[in-house]
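> Sharing a model that was predicted from the sequence below.
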Amino acid sequence: MTKRGLMNSSFDNNLTEPMKQLVNRVESFTEKPIVFEVEDTLAIPAKVSMARGNKPNHVISIGPQYKHDMDAIQYLVAHECCHILRRFGVEPQERLVIQKTGKINARLRLESGAAVPEQRNVFPNTNLEIPIPTRTSVLGFLAGWGCVAIIVYLVYLITRM
């Protein structure tokens with residue numbers, strides 16, 4: 001069994017003011033409280049379990065290696081809060097959900113009714129998934145090669161001296 005130590009009381013007092021504001025924003029936006037805990041068997045720095053169904057609150061778990069490092073905890077909490085905001089910031093039918101498959105890996109699935117825009121490919125009727133480049137990507141490509149040409153020319157000038 002996983003040993004979990006709830007740390008809300010002492011944890012809240014040690015959060016910086018911007019972090020308290022972020023936590024309050026997440027709680028008010030999702031209308032669900034956040035519970036913080038140290039999970040002694042957690043092999044990763046942190047994880048979040050979001051409120052849903054009969055689960056009334058979000059739980060942010062911090063790995064034991066970070067439980068005394070408030071700077072790391074601030075970062076990890078901010079990171080997990082952003083996951084919550086991203087998930088709750090779109091309509092349920094548009095959310096991408098990681099679905100546990102019982103294996104080590106997980107797969108993404110769209111929730112029912114989500115619309116996926118069609119990808120425009122250079123070769124539309126083939127298995128090659130090469131998207132049509134955007135104006136920005138073409139300009140960036142040309143600017144990069146322009147820089148390469150300038151460097152080659154400068155090297156040429158230096159070697160001619």
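Yep, it's here. Numbering: from 1, shown residues only.

> C-alpha only now, for contacts and for neighbours.
Noted.

> other SSEs contacting the helix ranked longest in the chain?
Counting residues, the longest helix found in the chain (DSSP state H) is helix 135-160. Helix 135-160 is packed against no helix or strand, with contacts defined by 3 or more Cα pairs under 8 Å, 6 or more residues apart in numbering; DSSP states H and E.

> which of the residues in it are buried?
Residues of helix 135-160 include none that count as buried (16 or more other Cα atoms under 10 Å).

> Which helix or strand contains the closest residue to Val77 other than its chain neighbours?
Distances taken as Cα to Cα, 6 or more residues apart in numbering put Ile60 closest to Val77, at 7.2 Å, once the chain neighbours are dropped. Ile60 is part of strand 58-62 when elements are defined by DSSP states H and E.

> quick one: the helices in the protein?
8-14, 17-30, 70-88, 135-160.

> returning to that earlier point: test for you: state the pLDDT assigned to the residue nearest to Val77.
Note on Ile60: pLDDT of 92.

> so it makes contact with Ala51?
No. Contact criterion Cα atoms under 8 Å: Ile60 and Ala51 do not qualify, at 10.8 Å.

> So which of those two has more stuff around it?
Each of Ile60 and Ala51 has its neighbours counted (other Cα atoms under 10 Å); Ile60 has more, 20 against 17.

> Contact partners for that one?
34-37, 46-49, 77, 80 (Cα atoms under 8 Å, 6 or more residues apart in numbering).

> Could you rerun that using 6 Å?
36, 47-48 (Cα atoms under 6 Å, 6 or more residues apart in numbering).

> what's near enough to touch the residue nearest to the spatial centre of the chain?
Nearest to the geometric centre of the chain sits His83, at 5.6 Å (Cα atoms, centre = their mean). With contact set as Cα under 6 Å, 6+ apart, His83 has no partners.

> what's the spacing between it and Leu15?
For His83, the distance to Leu15 equals 19 Å [Cα to Cα, to the nearest Å].

> what does Pro131 give?
Counting by Cα to Cα, the gap from Pro131 to Leu15 is 44 Å.

> Equivalent analysis for Ile44, please.
Counting by Cα to Cα, the gap from Ile44 to Leu15 is 21 Å.

> between those two, which one's more packed in?
Taking neighbours as other Cα under 10 Å, Ile44 and Leu15 compare with Leu15 leading, 17 against 11.
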